[in-house]
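here are the coordinates; sequence isn't available:
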């Protein structure tokens, strides 16, 4: 009879939300083994279901590593985005190195290109170069 009183007390405390985890484990075990009064057997499936949905003890550790990995990935994305935005240059910028000096003035660069092309004169085609090579 003492066991029946203990089970009834645990069930009542469980439904009032006053049981500890250890008491709930004991209650699940008692219902699983079938050591309960006849009028409480109606709760057997309920307590078996609660016992089945218990979470494993290792999950909080996995969650913590998941949060750390998420934060680290966010930091990497922010650094990459900041680097791209801060080092972005206008794509239309004209830059040339004329005699070893950097020049960004488009007019000066184009003037040098034209002068170089004029100095080269006419460039022979591949056919002309091949004829010259084999005719000698």
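Arrived safely, thanks for sending. Source: prediction; values computed, not measured. Residues are numbered from 1 along each chain as shown.

number of nearby residues for residue 96?
15 (other C-beta atoms under 10 Å). Just so you know, the C-beta spots here come from the backbone N, C-alpha and C atoms, and that holds for glycine as well.

Enumerate every residue touching the spatially closest residue to it that is not a sequence neighbour.
Take residue 96 and drop its neighbours on the chain: the residue closest to it by C-beta to C-beta, 6 or more residues apart in numbering is residue 109, 4.4 Å away. Residue 109 makes contact with 94, 96, 98, 103, according to C-beta atoms under 8 Å, 6 or more residues apart in numbering.

Let me see the contact set for the spatially closest residue to the third one that is not a sequence neighbour.
The shortest distance from residue 98 to any residue other than its chain neighbours is 5.4 Å, reached at residue 112 (C-beta to C-beta, 6+ apart). Taking C-beta under 8 Å, 6+ apart as the contact definition, residue 112 lies against 96, 98, 103.

Look up phi and psi at residue 112.
With angles defined as degrees, to the nearest 10, residue 112 sits at phi -70, psi -40.

Test for you: state the pLDDT assigned to it.
Note on residue 112: pLDDT of 86.

measure it to residue 99 for me?
9 Å (C-beta to C-beta, to the nearest Å).

do the same with residue 72
48 Å.

more neighbours, the two?
Neighbours per residue (other C-beta under 10 Å) separate residue 72 from residue 99, with residue 72 holding more: 10 against 6.

tell me the phi and psi of that one?
Given degrees, to the nearest 10, the pair of backbone angles that residue 72 has is phi -60, psi -40.

just to revisit the earlier point, export the contacts of residue 109 to TSV and append columns for distance to residue 45, secondary structure and pLDDT.
Listed next are those as TSV, based on distance: C-beta to C-beta, whole Å; DSSP: H, G, I helix; E, B strand; the rest coil; pLDDT from 0 to 100:
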residue	distance to residue 45	secondary structure	pLDDT
94	79	coil	74
96	83	strand	85
98	88	strand	86
103	85	strand	88
